[in-house]
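> I would like the atomic coordinates for the input below:
(one chain, ligands or ions: 2)
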Amino acid sequence: MKDVKLTITLNEKVSKDIFLMKLEGDVSEVKNCGEFINITLPPHYLRRPISVSNFGPGYIEILYKVLGQGTKEMSLMTAGQSLKCLVGLGNGFNLRTDIKPTLIAGGIGVAPFFAVLKYYNEKGIKPQMIYGARSKDDLVLLDKLAEMSDLHLCTDDGSCGVKGTVLDLIKEENLSVDYYYACGPYRMLENLAKSYPNGEVSLEARMGCGFGACMGCSIKTTKGPKRVCKEGPVFAASEVEF
Ligand SMILES: Cc1cc2nc3c(=O)[nH]c(=O)nc-3n(C[C@H](O)[C@H](O)[C@H](O)COP(=O)(O)OP(=O)(O)OC[C@H]3O[C@@H](n4cnc5c(N)ncnc54)[C@H](O)[C@@H]3O)c2cc1C
Ligand code: FES
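Residues are numbered from 1 along each chain as shown. Ligands and ions are numbered 1, 2, ... in the order given. A predicted model of the protein is given here:
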């Protein structure tokens, strides 16, 4: 973990309420796909945890949805401004190459998968990707995702892809899911884990410190309480007691 000041070099609106931000600086502590950063937004006391969407030498990208005051303030920032961030937080996905990977994203849960896709593509693997959202307008960066994955879409209202949930899509298109990596709403992850225990889920929790000191983000697992910020945010699907 490192406390760094990063410079915004891009803050682009990619849907009505989702932004892609590129931050440059010392991100040498960011090592694994699925990690997160924790952003200081004065005068707010608590930092805002956001997944690393993509990373490379000297930069990270984050994809964030405007939800409350903090993310609204982020959306108004421009290139050249800086953000104080704790980087190198959380454990990330255990990206396996001995299985056919399936990535499952719900809504803004698509964020961490750009780095995951880059990882697999560099190994010559094009993962199967299942991406669901409320409506067509909530699905973002589809051209990029289609280039990098075998992409299957669904929406709650049927405005794009299969009408229904990611589980409905798996059944309707008869997709095989050997081993998956999932990020999205709690209920989606719970239903997935119950039907398909063979995978990993990235969880969210309200966080105090964000680095393992306050126990504020503990969840129940089959191996006892675990902290989303430290042992997580990625857990074996079979391990989480939803
Ligand atoms: C590990 C992790 C990764 C995340 N990755 C992303 C991401 O890539 N993109 C994205 O858009 N969002 C992500 N979130 C959710 C993001 O943290 C919240 O949307 C954001 O903190 C809201 O801040 P706000 O000030 O706009 O909202 P407010 O509601 O004003 O926030 C008030 C407080 O509640 C906390 N809070 C609110 N919603 C959440 C939430 N869902 N999870 C955790 N804390 C919350 C805030 O951090 C803040 O401390 C992630 C959350 C976690 C825990
Ligand atoms: S937020 Fe403090 S231990 Fe996780």
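> Any chance you could give me the longest strand along the chain in CSV, C-alpha atoms only?
With DSSP state E applied, the strand covering the greatest number of residues in the chain is identified as strand 2-13. The C-alpha coordinates for strand 2-13 follow below in CSV (Å, rounded to 0.1, in the frame of the first residue of the first chain):
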residue,chain,number,x,y,z
LYS,A,2,1.2,3.5,-0.8
ASP,A,3,-0.2,7.0,-0.2
VAL,A,4,0.3,8.9,-3.5
LYS,A,5,-0.7,12.0,-5.3
LEU,A,6,-1.9,11.2,-8.9
THR,A,7,-2.6,13.6,-11.7
ILE,A,8,-5.8,13.3,-13.7
THR,A,9,-5.0,13.1,-17.4
LEU,A,10,-8.5,12.1,-18.6
ASN,A,11,-12.0,12.3,-17.1
GLU,A,12,-14.4,11.3,-19.8
LYS,A,13,-18.1,10.7,-19.6
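> which helices and strands sit right next to it?
Here strand 2-13 touches strand 18-24, helix 69-75, strand 82-89, going by 3 or more CB pairs under 8 Å, 6 or more residues apart in numbering; DSSP states H and E. Heads up, the C-betas are built off the backbone N, CA and C, glycines and all.
> How is the protein divided into domains?
Domain assignment for the chain by automatic domain parsing gives 2-89, 101-202.
> so which of those domains gets nearest ligand 1?
domain 2-89 (2.4 Å; CB to the nearest ligand atom).
> now the residue nearest the centre of the chain, nearest residue through space, not along the chain?
Taking CA atoms, centre = their mean as the criterion, P112 is the residue nearest the geometric centre of the chain, at 3.4 Å. Once flanking residues are discounted, P112 sits nearest to S51: 4.4 Å by CB to CB, 6 or more residues apart in numbering.
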